[in-house]
Each structure stands twice: as C-alpha cells, then as structure tokens.
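In: Here is a sequence with its predicted model. Questions after.
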Amino acid sequence: MNAPLNNLLCAARWSIGLLAGVVLLAHAPAAQAQVDLSGTYGNVSDQDLQVMKEGPNYVDYGGIPLNDAARATALSHTPETINEIQRQCQPYALHYLLQAAWGFRMWPTVSPDTGEVIAWNMTGSIDREPTTIWMDGREPPAETALATPAGFTTGKWQGNTLVTTTTHFQDSLLTRNGVPASDKEVLTMFFTRQGQLLLITGVIRDPVYLTAPYVLSNVFRFDAGTPINAVTGATNPSACTPAEEVLSVLSGHVPTYLTPQDNPNLLSVSKAYGLPQAAVLGGEKTMYPEYARQLAPDYVRPKTYCTRECCDSGFANPLDRQALNCPR
C-alpha cells in the first residue's frame, strides 16, 4: 500500500473514532462532583479587611452599581437602625457570606439508596441563616412562595466548580452601610476549591436597586484542626439576644435621615480619603477604571489625603500600606 493511501485510511479511522466519542459524550449522564467540599473553613480575611470586620464606611458606595432609588435609601440609613430592638437579630441575606469575617462548615446530605449527594449544607452565623443547596434537580418554588433571609438555593456542577442560584430573598441590606437589596435579588455563587483554599465568587442581580451585576468574592481556608466558634468563625454561633439600645425610640423617634443633607456622614469619606464626592456616591460608572481616568483631569489630591487607616494607624492591612507607599 502506498503512503498517500495509508495516510488517508488512518485519517478516516481517526475521524470515525472521534465521531463515536462525540456521540458517546452526547448521551453520557451529567458529570458528578469532582471535588469534596466537606469541611470547616475559616475566612482568610486578607482583602477588604475593614469591610469584613468593622463594616464599610458610611456613605461609601464606590464600585456598587446602585441606582438613584438605592442611593436615596442608603443615604437615609443611620447606624441606629440596626439598634432597634425589632431589627437587632434580623439576619443579613446569603450574600453576607462574602462580606463578613466569619467562616462556616459544609457537609453533604447523601441519599441512602443511591449514594448521590442530595444537598450541600452550610452553617450560618449569628447574623446569617444556614443554607441548604439542593442538588437533586428540583425547581425553585413559585414566585409567591415564602421569602426568607436565606432564600432558596439550587446547585449544579460545572466541571470542578459548584454553581448555585439563590432566589426568594426577603428585602434586606446589600451592604452594612445601608445600600438596600430587594426581594427580586438573584444571587449566583461559584465554589471552587484549590487544595486547602476555597474561592467563592458571587454575582448579585437586583432589577429594583442595581443597574448591573455586582460581583463579590472571598477566600476561605480549610481548617480541620481548629474548632471554629462564635469568636473565630461563627460556625457554632451563639444565640442573638435583643435588648433595648436606642432610648430615642421610646419617645416615638424613628432612626432615619429625611434628606441627604441631614446625614452627618455625607462628606466624611470624601474628606477622609481625598476622594471626589461623585465617586463616593457610587453607581455603575464607578465600577470601571475608565471612570478614574475621566475624573483625573479635574481631580487634585489634597496634601493630607488619608486620615483613617493610614500608615501611622494600626488598622491598615499590607495591601493598603503598599498602595499608600507606607515606609516598611
């Protein structure tokens, strides 16, 4: 057999084999999980340290694609709001997992008949409800079904990444400084484990208060040896016990700022960090680096442009100190 004909036959056999493989893949069952997410995870807390521990600065909405209605609601928010006795134990929505310093524990519910994972379970914390991620293919309930702070979550595997979708949230806060979240919020999360680290990325879509998807992420470290409690990780949270804290409520006062000008924190962030107020008030445009270039021609950085969490404070994390060119 001459060489050209032999090459042609080899190519034909390869093509037939490839086609057969494609047909088999097309009829193959859906891939199951390739990684085990079971375990206890502590928060690495090496990014957005202040946001996770103390909470974000008041009137600091930069990078959040909030609309005018959300901005007006946030500007009316006062720290006293969560001190009202009926709000002290009101948990945050599931996206708070990516904004807090707490860790969590995760374990599967397995079918005794098939051995398949029916659901993944996540502990809550003192200010976040536990979560069940249903993996058995069930559909979300009707829109009229009960809405809760935890919402209703389903999941599926895409390769080695667990992708979850959560709906049926109650109205809540998107951020701890007052940006609201509606009951129309849809949260998509991506769980990707690499060795001892678990990266969770969340994409928040809220047609009521957001003009674009809002992306959050957090890194957790597998921690099998150290028990995590309410102080170090809140996988075994203590009970929330409300107590009267706002004396003005007894006189009929409702904590709120009626106009932005009534908010004493309106200019605090722009003054503390030397930032343009337009950037501090957020919006979709503040999400992108192009916005900084638009502000650059008219922006003059003050001589003293950092008065909080600066080089001489004990709160600036290593990334902040590097950005501020702090002395080593």
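Out: Cool, got the structure.
In: which regions of the stretch 1-150 of the chain lie under the pLDDT threshold?
Out: Where the stretch 1-150 of the chain drops to pLDDT under 70, the residues are 1-33, 45-47.
In: try 50 this time
Out: Applying pLDDT under 50 to the stretch 1-150 of the chain picks out residues 1-31.
In: which stretches of it form helices?
Out: Secondary structure of the stretch 1-150 of the chain (DSSP state H, counting those that start in this stretch): helices at 3-26, 49-53, 68-75.
In: The stretch 151-300 of the chain too?
Out: For the stretch 151-300 of the chain, helices defined by DSSP H, counting those that start in this stretch occupy the ranges 268-273, 277-280, 289-295.
In: any chance of those in JSON lines, plus distance to P149, mean pLDDT and mean neighbour count?
Out: Backbone N, C-alpha and C define where each C-beta goes, glycine included. Below are those laid out as JSON lines (distance: least, CB to CB, whole Å; pLDDT from 0 to 100; neighbours: other CB atoms under 10 Å):
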{"stretch": "helix 268-273", "distance to P149": "28", "mean pLDDT": "85", "mean neighbour count": "18"}
{"stretch": "helix 277-280", "distance to P149": "28", "mean pLDDT": "92", "mean neighbour count": "18"}
{"stretch": "helix 289-295", "distance to P149": "33", "mean pLDDT": "89", "mean neighbour count": "11"}
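In: Of all these, which one comes closest to L197?
Out: L197 lies closest to helix 289-295 among the helices of the stretch 151-300 of the chain, at 27.0 Å (CB to CB).
In: just checking, what packs against that closest one?
Out: Counting contacts by 3 or more CB pairs under 8 Å, 6 or more residues apart in numbering; DSSP states H and E, helix 289-295 packs against helix 277-280.
In: Contacts made by the helix it packs on with the rest, please.
Out: Applying CB atoms under 8 Å, 6 or more residues apart in numbering, the contact partners of helix 277-280 are 59-62, 267, 269-270, 286, 291, 295.
In: Centre of the chain to it, how far?
Out: 23 Å (CA atoms, centre = their mean, to the nearest Å).
In: What count of nearby residues applies to I133?
Out: The local packing of I133 (other CB atoms under 10 Å) involves 23 other residues.
In: Could you work out the most separated pair of the contacts of helix 277-280?
Out: Distances among those were taken as CB to CB; the most separated pair is L267 and Y291, at 19.7 Å.
In: ok, back up a step: dump the helices of the stretch 151-300 of the chain to JSON lines, plus distance to L75.
Out: Below are these laid out as JSON lines (distance: least, CB to CB, whole Å):
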{"stretch": "helix 268-273", "distance to L75": "12"}
{"stretch": "helix 277-280", "distance to L75": "11"}
{"stretch": "helix 289-295", "distance to L75": "20"}
